Structures are given as structure tokens and as C-alpha cells.
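Peer 1: A structural model of the following input is requested.
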Amino acid sequence: MTNYTKAGGGCAACHEDIEAILSKVLKERGEVFDPSAAPIEKPVLAEEKKPLTNLQRIKKIEEVLNSLRPQLMADGGDVELVEVVGNTAYVNMTGACNGCQMAAMTIAGIQQRLMEVLGEFIKVVPASQMPSELVNIQGAGHA
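Peer 2: As a prediction, this is how the structure comes out:
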């Protein structure tokens, strides 16, 4: 399904909904959907190795953002890494990207590229959605 529609290819939050839809459609056709019978392919994102430390993860994220930056700047925009907490990276879209209708798609593309490079799930979220306790901690050192 993901290969054809891209549904379920990002955060995987919709997998249960996709299975429900498949079950309903197949039931209407007189067939039964058995997710355990479906071949599950483990995506080959990167070679298996030790988990990254947070510092290594941040450096890799910055490398990916730097590789994408020329494309963003060509359209008058940019991206700034604000914070990384666990598997969540908070970013600011700047310049023409700030408030752009395609910003969500750009963030999704950044997330996909990061998952490919890091070999692990990472969620990319606008910094405006950062929990207030993280915002307060960040601001505390800048008095």
C-alpha cells in the first residue's frame, strides 16, 4: 500500500486505520484480510549498528539539513534545528518557508530523508509545537 499511495510511509500512526480500511474493502469482496499473512518487509534504511548517541544524532541531523539547505534557499527559505529530544527533532522553517503552504510537505520530506540516513524513526516537528517545558528550559540559559 505504501509503495502505491505513500500512506503509512511516514510516522506509521495510520497503520491501524489502513488495516481497518483493507479489512472492510476485502470483506465487501468476500475476502479476509489477515495482516499476519501479509509479507512484512523490513525497510533497509542503513546498515545495522549501535544506536546513535544524542550528540551523534544531532550531528547527522545537521548534516542532512545542510545537504537539503541549497534546495530550500533556492526558493528563498531555510530550516533551522532548534532541539532534539529522543526521536523528535524540532525545527524552524525560515524565510519563504515560514508560513508557506508547502511547509508541512517540506517537513515530511526532511523527516523521510532523516529516517533514511539515520536508519531509525525520527519525527520532525515545527518548533512552534514544542512542549512548553522544553521552551522554558531553552530560554532559561539565555537570560
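
Peer 1: Just checking: what are the partner strands of the helix or strand harbouring Asn92?
Peer 2: Using DSSP states H and E, the element containing Asn92 is strand 88-95. Strand 88-95 sits in its sheet next to strand 77-85 (antiparallel), strand 123-126 (parallel), going by DSSP bridges.

Peer 1: mind listing what's buried in that strand?
Peer 2: 89-91, 93 (16 or more other C-beta atoms under 10 Å). Any C-beta I mention is one placed from the backbone N, CA and C, and that applies to glycine too.

Peer 1: Equivalent analysis for stretch 59-79, please.
Peer 2: 60-61, 64-65, 68, 72, 77-79.

Peer 1: same check, this time on stretch 112-129
Peer 2: For stretch 112-129, by 16+ other C-beta under 10 Å, it's 114-115, 117-119, 122-125, 127.

Peer 1: Can you give me the end-to-end span of it?
Peer 2: End-to-end distance for stretch 112-129: 19 Å, by C-alpha to C-alpha, to the nearest Å.

Peer 1: could you give me the average pLDDT of it?
Peer 2: Averaging pLDDT along stretch 112-129 gives 92.

Peer 1: Would you mind confirming that Cys100 is in contact with Thr106?
Peer 2: Yes - using C-beta atoms under 8 Å, Cys100 is in contact with Thr106, at 7.5 Å.

Peer 1: of these two, who's got more company?
Peer 2: Thr106 (20 against 15; other C-beta atoms under 10 Å).

Peer 1: Quick check: the more buried one vs Leu52, distance?
Peer 2: Distance, Thr106 to Leu52, by C-beta to C-beta, to the nearest Å: 24 Å.

Peer 1: and the residue lying farthest from the centre of the chain, helix, strand or coil?
Peer 2: Largest separation from the mean C-alpha position in the chain: Gly30, at 36.3 Å (C-alpha atoms, centre = their mean). Three-state assignment for Gly30 (DSSP: H, G, I helix; E, B strand; the rest coil): coil.
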